[in-house]
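# Provided below for reference: sequence and predicted model.
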Amino acid sequence: MGAAMGDGAWEAVIGLETHVQLGTASKIFSAASTSFGDDPNTHIDPVVCGLPGTLPVLNEKVLEYAVKAALALNLQVAEHSKFDRKQYFYPDLPKNYQISQFDQPIAENGWIEVEVAEKGKDTYLKTIGIERLHMEEDAGKLVHAGSDRLAGSSHSLVDYNRAGVALAEIVSKPDLRTGREAAEYASEIRRIMRYLGVSDGNMQEGSLRCDVNISVRRGPEAPFGVKVEIKNMNSFSAIQKAIDHEIQRQIKAYESGEPVVQETRLWDEAKQLTRSMRIKEGSSDYRYFPEPDLGPIEVTTERRERWRVELPELPAAKRHRYAEEFGLSIYDARVLTDERAMAEYFEAAVAAGAEAKSVANWVTGDIAAYLNSGKLSIAELPLKPEELSELVGLIDDGTISGKIAKEILPELLEQGGSAKAIVAERGLGMISDPSAITQVVQELLAAHPAEVEAFRGGKTKLQGFFVGQLMKLTGGRADPKLANRILNEQLKG
């Protein structure tokens, strides 16, 4: 089997199907609520249940969100598209069919750029092609209960609250080659959707779900191998681990002469392996036909361009701009642009007059740590960007030292307020009067004659001891550069 696939090194071919739950207040074809976490089967109506005499009506906000998502992914938006019925007999789909899009989706042929940081390798950019984006309705949710020991049976419950929620399915081209690339691609898709405000992308709540299609072949010139689909991954790390495991499973099968069958497998997080779920259906098994209860979809050029103008600056563009305009590192740019709210906070602080690199250091360091420990979003932070800018300005103009800034920061993070007012009220301004510092230094040296003699005898490492004592005596308020110069002069006699 392996020889028939070519003689090169093994290469994985990976594509992702990403289901993004669009954050509309009502469902794609009915007025039922989409809110999450309520009692089962409380957000359903006759349209969701497919009762006789009901007709679907497309939610216009769903169309807007789908087109905006498509534009952000550089897809070509179709002027005319349509809905189709996908025959899908399963307990969580009350109509026994799903309204989706088959041969005429809303958008096709796009791409995104991702930054990939492989362990032990330099970060690299890669362009990933996107085959299509189409709109469809979500299914409900099955809850499988454990075995009932008394009755000797198990059972499943179904919650239709999610049925009919609007989805945008984004299908990548088979351009991914590693688990890491796939995880970065999925992460960038979520980042873009959050920037647009079309989805919260919360994987734990099922707002973003990824199915992976993966095969292996002998080198880039060999034909594709048998494709296997993996489901049940609820984090980016799970996507990476599942793919890495499946690559090795398939290679091992080919090299030992075992068949690799086209199937759907599940990722078992506890056992860290994939296991077979069912033989994969082909598109013919779904018996698609045009949805008779919905008319064609038209997106005029005027409407499409109006929505394009409303798009925000997207994460990749921000990363490039932060590197070029502010001279930030790849790491800082990635952290700052991960969430739109954090990027806007950073930019507001810089716009208020602070130096960009200094703001980046505070936001990605102390502020990020505070937010993580308190499980807060930056929108909930009492310290406003203008107030952070004021704090950074006090350090840059020499009014306070970095040490003093660190001391007052916890209070600012908890309550917000003016750093300048706190410094003035508590007399925390930096001591930059040479005569005042000289007096403190002379008193310090007089109190430690043995250490002075040892320093002058060649133990220059004692410089650190004197600097520490000086800062202690001045409460960290001595101007560091001036204090070091005067200390050196006095120590050398």
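Perfect, I can see it now.
# the closest residue to residue 274 other than its chain neighbours: helix or strand, and which one exactly?
Nearest residue to residue 274 in three dimensions, chain neighbours excluded: residue 265, at 4.2 Å (Cβ to Cβ, 6 or more residues apart in numbering). In this view, the C-beta of every residue, glycine as well, is placed from N, C-alpha and C. Using DSSP states H and E, residue 265 sits within strand 263-268.
# ok, residue 133 next?
Assigned by DSSP H and E, residue 133 belongs to strand 124-137.
# any idea of the mean pLDDT for that strand?
Mean per-residue pLDDT for strand 124-137: 96.
# centre of the chain to that strand, how far?
Relative to the centre of its chain, strand 124-137 is centred 16 Å away, using Cα atoms, centre = their mean, to the nearest Å.
# next helix or strand past it?
strand 141-144.
# that older thread, hmm, the residue nearest to residue 274 is touching residue 273, no?
No. At 9.3 Å, residue 265 does not count as touching residue 273 under the criterion of Cβ atoms under 8 Å.
# those two: which is more packed in?
Using other Cβ atoms under 10 Å as the criterion, residue 265 and residue 273 rank with residue 265 on top: 23 against 15.
# for that one, list each beta-bridge partner.
residue 230, residue 276 (DSSP bridges).
# which pLDDT value belongs to it?
We have a pLDDT of 93 for residue 265.
# ok so, going back, in the strand holding residue 133, what's buried?
128, 130, 131, 132, 133, 134, 135, 136, 137 (16 or more other Cβ atoms under 10 Å).
# can you pull the contacts of residue 50?
Residue 50 is in contact with 94, 95, 96, counting by Cβ atoms under 8 Å, 6 or more residues apart in numbering.
# buried subset of the residues you listed?
94, 95.
# sort out which one of the contacts of residue 50 lies nearest residue 250 for me.
residue 96 (34.2 Å; Cβ to Cβ).
# check contacts around that closest one.
Going by Cβ under 8 Å, 6+ apart, residue 96 touches 50, 87, 88, 89.
# ok, and the most crowded of these?
Ranked by neighbour count (other Cβ under 10 Å), the contacts of residue 96 have residue 88 at the top, with 17 neighbours.
# what's the closest non-adjacent residue to that one?
Using Cβ to Cβ, 6+ apart, the closest residue to residue 88 is residue 98 (4.8 Å).
# what's the answer for residue 18, then?
Of all residues not flanking residue 18 in the chain, residue 170 sits nearest, at 4.5 Å (Cβ to Cβ, 6+ apart).
# is that neighbour part of a helix or strand, or is it coil?
Using DSSP: H, G, I helix; E, B strand; the rest coil, the structure places residue 170 in strand.
# and the pLDDT at it?
Confidence at residue 170, expressed as pLDDT, is 98.
# now render the contacts of residue 50 as CSV, adding secondary structure.
Formatted as CSV, these follow (three-state DSSP):
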residue, secondary structure
94, coil
95, coil
96, coil
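# now do the helices in the stretch 351-493 of the chain.
Ranges of helices in the stretch 351-493 of the chain, per DSSP state H, counting those that start in this stretch, are 356-362, 368-374, 385-396, 402-415, 419-426, 434-447, 449-456, 463-473, 480-491.
# export these to CSV and tack on mean pLDDT, mean neighbour count and distance to residue 328?
Output for those, formatted as CSV (pLDDT from 0 to 100; neighbours: other Cβ atoms under 10 Å; distance: least, Cβ to Cβ, whole Å):
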stretch, mean pLDDT, mean neighbour count, distance to residue 328
helix 356-362, 96, 20, 6
helix 368-374, 94, 13, 15
helix 385-396, 94, 20, 15
helix 402-415, 90, 16, 19
helix 419-426, 84, 15, 23
helix 434-447, 75, 15, 35
helix 449-456, 74, 14, 41
helix 463-473, 76, 15, 30
helix 480-491, 74, 16, 25
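# what sits against the residue nearest to residue 18?
16, 17, 18, 19, 20, 69, 73, 130, 132, 133, 189.
# which members of those residues are positioned in strands?
Residues of these located in strands (DSSP state E): 16, 17, 18, 19, 20, 130, 132, 133.
# so which of those is the closest to residue 399?
Nearest to residue 399 among those is residue 20, at 48.0 Å by Cβ to Cβ.
# where does that closest one land on pLDDT?
Per-residue confidence (pLDDT) for residue 20: 97.
# check the one 10 residues further on too.
pLDDT for residue 30: 96.
# distance check, it against residue 138.
12 Å (Cβ to Cβ, to the nearest Å).
# any shared contact partners between these two?
Common neighbours of residue 30 and residue 138 (Cβ under 8 Å, 6+ apart) are residue 164.
# what about the chain, any weak spots by pLDDT?
The chain contains residues with pLDDT under 70 at 1-7, 146-153, 280-284, 428-433, 436, 475-477, 479, 493.
# which helix in it has the most residues?
Counting residues, the longest helix found in the chain (DSSP state H) is helix 236-255.
# pull out the buried positions in that helix.
Buried residues in helix 236-255, counting neighbours by 16+ other Cβ under 10 Å, are found at 236, 238-247, 249-251, 253-254.
# can you tell me which of those lies nearest to residue 351?
Checking the buried residues of helix 236-255 one by one against residue 351 (Cβ to Cβ), the nearest turns out to be residue 236, at 32.0 Å.
# re earlier: tell me the SS of the residue nearest to residue 88?
Residue 98 - assigned by three-state DSSP - is strand.
# what sits against the spatially closest residue to residue 454 that is not a sequence neighbour?
Using Cβ to Cβ, 6+ apart and skipping the chain neighbours, the partner closest in space to residue 454 is residue 462 (6.1 Å). By Cβ under 8 Å, 6+ apart, the contact set of residue 462 is 451, 454, 455.
# before we move on, back to that, residue 403: which of the contacts of residue 96 is nearest?
Using Cβ to Cβ, residue 88 is the member of these that lies nearest residue 403, at 63.7 Å.
# dihedrals phi and psi, the closest one?
Main-chain dihedrals, residue 88, degrees, to the nearest 10: phi -150, psi 90.
# quick check: it vs residue 96, distance?
7 Å.
# repeat for residue 167
18 Å.
# now do residue 367
According to Cβ to Cβ, residue 367 and residue 96 sit 52 Å apart.
# for residue 52, give me phi and psi.
Backbone torsions of residue 52, given as degrees, to the nearest 10, read phi -60, psi 140.
# adjust the sequence numbering to begin at 119 for everything that follows.
All set: I'll call the first residue 119, so the last point we hit is now residue 170.
# got a list of what it touches?
Shown in contact with residue 170 (Cβ under 8 Å, 6+ apart): no residues.
# and the gap between it and residue 156?
From residue 170 across to residue 156, the span is 27 Å (Cβ to Cβ).
# still on that earlier bit, for residue 338, state which of the contacts of residue 580 is nearest.
Closest approach to residue 338 among those (Cβ to Cβ): residue 573, at 65.4 Å.
# just put the contacts of residue 168 in TSV and tack on distance to residue 558.
Output for the contacts of residue 168, formatted as TSV (distance: Cβ to Cβ, whole Å):
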residue	distance to residue 558
212	80
213	82
214	84
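# from the contacts of residue 168, which is closest to residue 584?
Nearest to residue 584 among those, counting by Cβ to Cβ, is residue 212 at 78.5 Å.
# please verify my assumption that that closest one contacts residue 258.
Yes. With contact defined as Cβ under 8 Å, residue 212 reaches residue 258; the gap is 7.0 Å.
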